[in-house]
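# Please work out how this folds:
(one chain, ligands or ions: 1)
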Amino acid sequence: MLKIKAIVAVSANGVIGNQGKLIWKIPADLKFFKNTTYGLPLLMGRKTFELELNAVCLPGRKNLVISKQNNFNNGNAILVKTIEEAQSWCTNNDYKELIIAGGGQIYKEFLPICHEIYVTRIMADFEGDTFFNIPDFFQETQSIPFIIGPLSPYQLYFQTWINTKFIG
Ligand SMILES: NC(=O)c1ccc[n+]([C@@H]2O[C@H](COP(=O)([O-])OP(=O)(O)OC[C@H]3O[C@@H](n4cnc5c(N)ncnc54)[C@H](OP(=O)(O)O)[C@@H]3O)[C@@H](O)[C@H]2O)c1
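Reported below is the predicted structural model:
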């Protein structure tokens with residue numbers, strides 16, 4: 001069975017982005033993101049792909065972009081129109097995991113079918129226009145602190161949340 005997971009970096013006040021972009025650049029989190037997602041298929045919304053990644057695929061990973069549109073610059077990404085199409089693509093290509101990589105709209109819609117969420121909690125407030133909330137049917141199972149230093153100007157927690165609907 002295909003396991004669907006999400007990965008997100010969120011500020012203390014729940015912000016994940018502003019005007020189509022990430023707000024922060026935190027080497028420790030970029031490293032965590034790369035290590036966690038490398039070699040796996042990523043699913044992202046058309047806005048994240050166009051605005052955040054400037055329509056350039058992240059290397060070393062299959063980039064699946066979801067959109068209802070037919071015509072936009074999808075670079076070398078795999079274009080899907082529905083989550084079911086993304087899931088079929090993964091199983092047809094022998095992947096056991098799919099990682100949901102944002103943005104706001106995509107998390108909101110597809111968190112209920114995620115087994116796990118990797119949350120990088122950034123212990124600072126930011127202003128932004130895109131927010132993330134963890135639904136109450138997720139339970140935190142791990143929280144690893146990462147202290148301020150050369151790899152992060154902010155205190156971080158690398159958290160794992162599991163979907164209680166999939167337990168047992
Ligand atoms: N902090 C983080 O970890 C993180 C990670 C990723 C992104 N972000 C931030 O999130 C923000 C972007 O989020 P956003 O909410 O504006 O946009 P988004 O979720 O990236 O993309 C939304 C688009 O996805 C497509 N879509 C959504 N649901 C769909 C469905 N059920 N079927 C088919 N297509 C669907 C639609 O594209 P069409 O309009 O083309 O149909 C929709 O306009 C940016 O600021 C970005 O930096 C943050």
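# Quickly list what N163 is bridged to.
Bridge pairing for N163 (DSSP bridges) gives the partners F138.
# Contacts only, for it.
By C-beta atoms under 8 Å, 6 or more residues apart in numbering, N163 lies in contact with 112, 114-116, 137-138. C-beta coordinates here come from the backbone N, C-alpha and C atoms, glycine included.
# quick one: which of the residues you listed is nearest K165?
Nearest to K165 among these, counting by C-beta to C-beta, is F137 at 5.6 Å.
# ok, of the contacts of N163, which come out buried?
Neighbour-count burial (16 or more other C-beta atoms under 10 Å) is assigned, among the contacts of N163, to 114-116, 138.
# ok, back up a step: return the member of the contacts of N163 nearest to I26.
Minimum distance to I26 across these is 21.2 Å, recorded for E116 (C-beta to C-beta).
# Tell me the spatial nearest neighbour of the closest one, not counting adjacent residues.
Ranked by C-beta to C-beta, 6 or more residues apart in numbering and with sequence neighbours excluded, the top spatial neighbour of E116 is K5, at 4.6 Å.
# Which strands border whichever strand or helix holds the one you found, and is each parallel or antiparallel?
Assignment of secondary structure by DSSP states H and E places K5 within strand 3-11. According to DSSP bridges, strand 3-11 forms sheet pairs with strand 97-100 (parallel), strand 116-122 (parallel).
# From the chain's centroid, how far away is the last one?
Taking the mean of its C-alpha atoms, strand 116-122 sits 9 Å from the chain's own mean (C-alpha atoms, centre = their mean, to the nearest Å).
# check contacts around the residue nearest the centre of the chain.
With distances taken as C-alpha atoms, centre = their mean, A101 lies nearest the centre of the chain, 2.4 Å away. Applying C-beta under 8 Å, 6+ apart, we find A101 in contact with 6-7, 37, 42-44, 48.
# which two in the residues you listed are spaced the farthest apart?
Taking C-beta to C-beta, no two of the contacts of A101 sit farther apart than T37 and T48, at 13.5 Å.
# Compare the two (neighbour count), which wins?
It is T48, of T37 and T48, that has more neighbours when counted by other C-beta atoms under 10 Å, with 25 against 19.
# My read is that the more buried one contacts I100, right?
No - using C-beta atoms under 8 Å, T48 is not in contact with I100, being 10.6 Å away.
# Now do the shared contacts for those two.
What both T48 and I100 touch, as defined by C-beta under 8 Å, 6+ apart, is the set I106.
# And the strand or helix carrying Q87, what does it pack against?
Taking DSSP H and E as the definition, one finds Q87 inside helix 83-92. Applying 3 or more C-beta pairs under 8 Å, 6 or more residues apart in numbering; DSSP states H and E, one finds that helix 83-92 makes contact with strand 63-66, strand 78-80, strand 97-100.
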